[in-house]
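In: build the 3D model from these lines:
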Amino acid sequence: MNNLIISLKNLFHKPLYVFLSIFSLSTSVALLLGIQKFDSSIQNQFENGLGNIEMVVGAKGSPLQLVLSSVLHIDNPTGNIPYTEVQKLSKNPMIKDAVPISYGDNYKGYRIVGSTLGFAKLYEAELLEGKEVNQSLEVILGNDVAKKLGLKLGDTFLSSHGLTENTIEEHDQSFTVVGIYKPTYKVIDRLIITNLASIWDVHHHKEEKEEIHDTHEHEENHEHEHERNTHEIDEREVTSILVSFKSPMGLMTMPRNINAQTNMQAALPKYELERLFQFTGVGVKAISWIAYVILLISCITIFISLYKMVKERAFDLALMRTYGASNFQLFCIVAVEGIIMVLVSLIIGFLFSQIGLYYLISMFKSQFQQDIVLTFSTLQMVQTLGIIIVIAMVSIVLAILPILKMNISKIISDEK
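Out: The predicted model follows:
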């Protein structure tokens, strides 16, 4: 306890050095923990959002944009493709599922996605309450949507054109909530799901409802459906097709064939995300290196602070040595000062990282309507903290080594 009191008094005796040491070290801790946790959480969120989707087929353009827009729903689509392509892909023996999706509208910033029953199966989504969509203009809400918007079964709403919230281009046909999904912690939680006929009906008011593959469509207007001619059917479009394969052979051959032989493009979500993480990884590494530089500077500051204290208080330390204090006790007095600064820096740095992550997640959520579930590798955190502590401890030890070489008689005689 005496050593602790002495150390605390020494710290308060030089507040500027202590403040600079703690501020710089806590900043490096906050940067390292914050950026690594955010990067790890984003990667986990994106990879988890893929569900069972192995390939995406859509209009020509950027393959990364196709994946971000059709799988993660955080970008604009590359265009539309004919619905007839869905039927062709569905018949391919190498394909297990070919799930079409069509979107372009939203309600209060949440995307309305038209698809088949196979869409929910890709994310293993189950109904919490209500029923599946079986008529046009019926919707099932993702769990996050239901919670955030407070919508319940039987509620109705008008959709807006585009993928961002607006009330200027509202459609005049209202959707009815018929179901709510259980939370999956995947992208479907923040989507509003309907059938393809709903999307077509909203954008083409004069068209009658079509029977869609793998959906339960109502049997109204049966006579009009027989009257629809082939030309009108061919005009139907979807945004993209989400594909899963029966075997790895399909994954190896089909993307190349589609890109080379059709006017569409095929993108592999896992491959595109890996490329994305390679690009973002450069920024993460740059910030991490900046944090390590700040860490070195802060440890140098701690070293200078403690070394200066040892030199300035050499007489007091020598006097304590003559009164029976061992080198180890003097060593502990100085070391405790450094340890206190390191512990305070770790605590403040951790708090700073949490505050920073809160604002980053808030910005991400406001832009993409997506909550980020924070995840962090325990091993990575232990390694990062271990590096910080080791570097800090080395600076402390180097600062107090002069105590072991202290010439007590010379110091006391010079002081006198």
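In: buried sites along stretch 345-353?
Out: Buried positions in stretch 345-353, judged by neighbour count with 16 or more other Cβ atoms under 10 Å: 345-346, 348-350, 352-353. C-beta: built from backbone N, CA, C; applies to glycine.
In: quick check, nearest of these to residue 89?
Out: Checking these against residue 89 with Cβ to Cβ, the nearest one is residue 353 at 45.8 Å.
In: residue ranges with poor pLDDT in the stretch 201-350 of the chain?
Out: Along the stretch 201-350 of the chain, segments meeting pLDDT under 70 span 204-234.
In: please enumerate the strands of it.
Out: For the stretch 201-350 of the chain, the strands defined by DSSP state E, counting those that start in this stretch occupy 237-238, 240-245, 264-267.
In: need the winner for burial among those strands.
Out: strand 240-245 (a mean of 24; mean count of other Cβ atoms under 10 Å).
In: pairing partners for that one, with directions?
Out: If you go by DSSP bridges, strand 240-245 pairs up with strand 55-59 (antiparallel), strand 95-107 (antiparallel).
In: got the strands of the stretch 201-350 of the chain as TSV, with distance to residue 298 columns?
Out: Listed next are those as TSV, based on distance: least, Cβ to Cβ, whole Å:
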stretch	distance to residue 298
strand 237-238	55
strand 240-245	49
strand 264-267	44
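In: wait, which of those is closest to residue 38?
Out: Closest approach to residue 38 among the strands of the stretch 201-350 of the chain (Cβ to Cβ): strand 264-267, 25.3 Å.
In: who does the closest one pair up with?
Out: Take DSSP bridges as the rule and strand 264-267 pairs in its sheet with strand 55-59 (antiparallel).
In: quick one: mean pLDDT for the strand it pairs with?
Out: Model confidence over strand 55-59, given as mean pLDDT, is 94.
In: contact partners of that strand?
Out: Strand 55-59 is contacted by residues 66-67, 70-71, 77-81, 85, 89, 239-245, 251, 254-255, 258, 264-269 when judged by Cβ atoms under 8 Å, 6 or more residues apart in numbering.
In: residue 299 contacts residue 394, correct?
Out: Yes - between residue 299 and residue 394 there is a contact under Cβ atoms under 8 Å: 7.4 Å.
In: what about these two, which has more around it?
Out: The neighbour count for residue 299 versus residue 394, taken as other Cβ atoms under 10 Å, is higher for residue 299 (26 against 12).
In: how far away is the more buried one from residue 144?
Out: Per Cβ to Cβ, to the nearest Å, residue 299 is found 43 Å from residue 144.
In: OK, contacts around residue 354?
Out: When contacts are counted by Cβ under 8 Å, 6+ apart, residue 354 touches residue 34.
In: swap that for residue 305, please
Out: Taking Cβ under 8 Å, 6+ apart, we find residue 305 in contact with 14, 17-18, 21, 341, 399.
In: quick one, helices of the stretch 151-300 of the chain?
Out: Assigned by DSSP state H, counting those that start in this stretch, the stretch 151-300 of the chain shows helices spanning 196-203, 222-227, 230-234, 248-261, 269-312.
In: single out the most deeply packed of the ones you listed.
Out: For the helices of the stretch 151-300 of the chain, where neighbours mean mean count of other Cβ under 10 Å, the stretch averaging the most is helix 196-203, with a mean of 23.
In: that helix packs against which elements?
Out: strand 95-107, strand 110-115, strand 170-181 (3 or more Cβ pairs under 8 Å, 6 or more residues apart in numbering; DSSP states H and E).
In: tell me which of these sits nearest to residue 330.
Out: strand 110-115 (65.0 Å).
In: what are the buried residues along the closest one?
Out: In strand 110-115, counting by 16+ other Cβ under 10 Å, buried: 110-115.
In: again with stretch 58-67
Out: By neighbour count on 16+ other Cβ under 10 Å, the buried set for stretch 58-67 is 58-59, 63-67.
In: narrow the residues you listed to those in strands?
Out: Applying DSSP state E to those, the entries found in strands are 58-59.
In: what's the closest of the buried residues of stretch 58-67 to residue 137?
Out: Among those, residue 58 lies closest to residue 137 (Cβ to Cβ), at 25.1 Å.
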